[in-house]
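**Q** Build me a model:
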Amino acid sequence: MDTTDFDVIVVGAGMAGSSCALLCARAGLSVLLLERATQPGGKNLSGGRLYSYALESIIPDFAQHAPLEREVIQEKISLLSGHIATTFDYRHLPFSPASTSHTILRARFDPWLAQQAELAGAECLNSVMVEELLMEGETVRGVKVGGEVLRCKTVVLAEGANSLLAERHGLIPKPTPHDMALGIKEVLTLPQDVIDSRFSLEANEGTAWLFSGELSESLPAGGFLYTNKNTLSLGIVAPLSTIQASAVAAPQLLENFKQHPLLRPLLKQTELLEYGAHLVPEGGLKSVPKNLAGKGWMIVGDCARFCVNTALTIRGMDLAILSAKAAAQTLAVQASAGSLREIYHQQLHTSTLWAVLKRYQHLPDLLRTSALFSAYPQLLAELQREHYEVGEISPEFLRKRLWKHTRKQGIASVLTDLVKGAKNI
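**A** Next up is the predicted model:
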């Protein structure tokens, strides 16, 4: 008879891994959570935006206890064209606790979430590098750590976008450069009162600002800026295929972005606190591996490439938590009914996670359209210049200006992009 040390071993104490460990422990399973960094979040540079609904369903009223930064009440989107910017600004009242969002710093937030797993009964070990999976034929029986073997019924891989173990053992295929992006990030210090004044904020209010267009020459890329309590999270994300084909070095992409006239005043007097880069899944549903579980193993979060760029929002952390919830629900019932893979896929396909992935499944192809990063931001910039630049010449009707610029871009091309956009947004 096989003996096991744990029911579940979770590799990676990020958003997905800690959530899965927490829920499995609550279900009465013996759980070991392993993290290679000295503390959870140690490998998760910078921060981002957490949509509350997913974690709220696991830890009600978590916002009253978790180390959050600011509640987002201002949404900004800027399309850059050379030194020009067209910005859309939406400021709103706070949403309900179950539908709001917060900026967070993962180095502060992840240890708290892992602690919740420990309080639920999971055993958590940091500074532990899993060397390889323990395989018996095609079945995963545990992990190998520091020459030792830890056996379990199921290994949950939550190792992030750089899924080395899953790929090395052939559990999932290696992603293509078109399906992955490189995120280059910084955390910049700035006093809280300066942030409040500079971004027109009060108390705990926060801003989430996305950028598109010509961020770094004409390379397809997106940027973000999030306000924290006394820091700014700034970054640029570009497809790996773009970076490989570019003559611009990856670190220079961020530096070019920071020199834009829209950014420079916002970054005055800041000091660099953190800098680094990591992989980001960007392929959407089409890049999700066909098999998300098998004999003795499951994958969750970024490892499964559960991430969506909707052009207006970037969603990864909430989807990671939803996948962890589906995995834990599967493990809670797997011993008594069906196969691991079938139940997990069923849980995923009936969740909000899968509905989001299906809703935006064609967006990655649309967002690779080169005109979105050059021609259309330039078109908007020219239309506004002609409207606001007042001189002796009598202005044309707006419809005539629109028609003129549409013809310049190509009527067929514009109509095709409009149809594609209408179908996906």
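**Q** quick one: low-confidence ranges for the stretch 1-150 of the chain?
**A** Applying pLDDT under 70 to the predicted model, the residue ranges of the stretch 1-150 of the chain that meet it are 1-2, 45-46.
**Q** Can you show me the strands along it?
**A** Taking DSSP state E, counting those that start in this stretch as the test, the strands found in the stretch 1-150 of the chain are 6-11, 31-34, 47-51, 70-81, 84-91, 101-105, 123-125, 130-136, 139-145, 148-157.
**Q** Any chance of CSV for those strands, columns mean neighbour count and distance to Ser212?
**A** For glycine as for every other residue, the C-beta is placed from the backbone atoms N, C-alpha and C. Supplementary listing: the strands of the stretch 1-150 of the chain in CSV, determined by neighbours: other Cβ atoms under 10 Å; distance: least, Cβ to Cβ, whole Å:
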stretch, mean neighbour count, distance to Ser212
strand 6-11, 26, 35
strand 31-34, 27, 37
strand 47-51, 23, 16
strand 70-81, 20, 6
strand 84-91, 14, 10
strand 101-105, 24, 20
strand 123-125, 16, 39
strand 130-136, 16, 38
strand 139-145, 20, 41
strand 148-157, 21, 32
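**Q** Minimum distance to Phe224: which of those strands has it?
**A** strand 47-51 (7.9 Å; Cβ to Cβ).
**Q** other SSEs contacting that closest one?
**A** On a contact count with 3 or more Cβ pairs under 8 Å, 6 or more residues apart in numbering; DSSP states H and E, strand 47-51 meets strand 101-105, helix 106-120, strand 222-227, strand 314-315, helix 317-333.
**Q** Go ahead and name everything in contact with the shortest one.
**A** The contact list for strand 314-315, computed with Cβ atoms under 8 Å, 6 or more residues apart in numbering, reads 48-49, 51, 210, 224, 307-309, 356.
**Q** Which neighbours in the sheet does that strand have, and how are they oriented?
**A** Pairing partners of strand 314-315, with direction, according to DSSP bridges: strand 308-309 (antiparallel).
**Q** Give me the contact list for the strand it pairs with.
**A** For strand 308-309, contacts defined as Cβ under 8 Å, 6+ apart pick out 222, 282, 284, 314-316, 319, 356-357, 360, 363-364, 367.
**Q** Just checking the distance from that strand to the centre of its chain.
**A** Its chain's average C-alpha position is 7 Å from that of strand 308-309, according to Cα atoms, centre = their mean, to the nearest Å.
**Q** do the same with stretch 162-179
**A** Taking the mean of its C-alpha atoms, stretch 162-179 sits 18 Å from the chain's own mean (Cα atoms, centre = their mean).
**Q** next one: stretch 141-155
**A** Between the mean C-alpha location of stretch 141-155 and the chain-wide mean there is a distance of 29 Å, by Cα atoms, centre = their mean.
**Q** Stretch 240-250 too?
**A** 21 Å.
**Q** Can you give me the first-to-last residue distance of it?
**A** One end of stretch 240-250 sits 10 Å from the other (Cα to Cα, to the nearest Å).
**Q** Just the pLDDT at Gly410, thanks.
**A** According to the predicted model, the pLDDT of Gly410 comes to 70.
**Q** Dump the strands of the stretch 1-150 of the chain to a markdown table, plus distance to Ile236.
**A** Conversion of those to a markdown table gives the following (distance: least, Cβ to Cβ, whole Å):
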| stretch | distance to Ile236 |
| --- | --- |
| strand 6-11 | 29 |
| strand 31-34 | 31 |
| strand 47-51 | 14 |
| strand 70-81 | 11 |
| strand 84-91 | 15 |
| strand 101-105 | 18 |
| strand 123-125 | 33 |
| strand 130-136 | 31 |
| strand 139-145 | 35 |
| strand 148-157 | 28 |
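**Q** Out of those, the one nearest Ile58 is which?
**A** With Cβ to Cβ, the closest approach to Ile58 among these belongs to strand 47-51: 12.4 Å.
**Q** Just the residues contacting that closest one, thanks.
**A** The set of residues external to strand 47-51 that reach it, using Cβ under 8 Å, 6+ apart, is 68-69, 72, 101-106, 109, 187, 208, 224, 226, 228, 233, 313-318.
**Q** which residues are contacting stretch 320-340?
**A** Under the criterion Cβ under 8 Å, 6+ apart, residues 7-8, 14-17, 19-20, 23-24, 27, 29, 54-55, 57-58, 154, 156, 158, 293-296, 298, 300-302, 304, 306, 343-344, 347-348, 351-353 lie in contact with stretch 320-340.
**Q** hmm, 7 Å instead?
**A** Judged by Cβ atoms under 7 Å, 6 or more residues apart in numbering, the contacts made with stretch 320-340 from elsewhere in the structure are 8, 15-16, 19-20, 23-24, 27, 29, 54-55, 58, 154, 156, 293, 298, 300-302, 304, 306, 343-344, 347-348, 351-353.
**Q** Stretch 70-84 too?
**A** The list of residues contacting stretch 70-84 from outside it, by Cβ under 7 Å, 6+ apart, reads 49, 85-92, 94, 100-103, 204-215, 227-229, 260-262, 312, 377-378, 380-381.
**Q** Around Arg93, how many other residues sit close by?
**A** I think there's a mix-up here, since residue 93 is Leu and not Arg. Each residue near Leu93 was counted by other Cβ atoms under 10 Å, and the total is 5.
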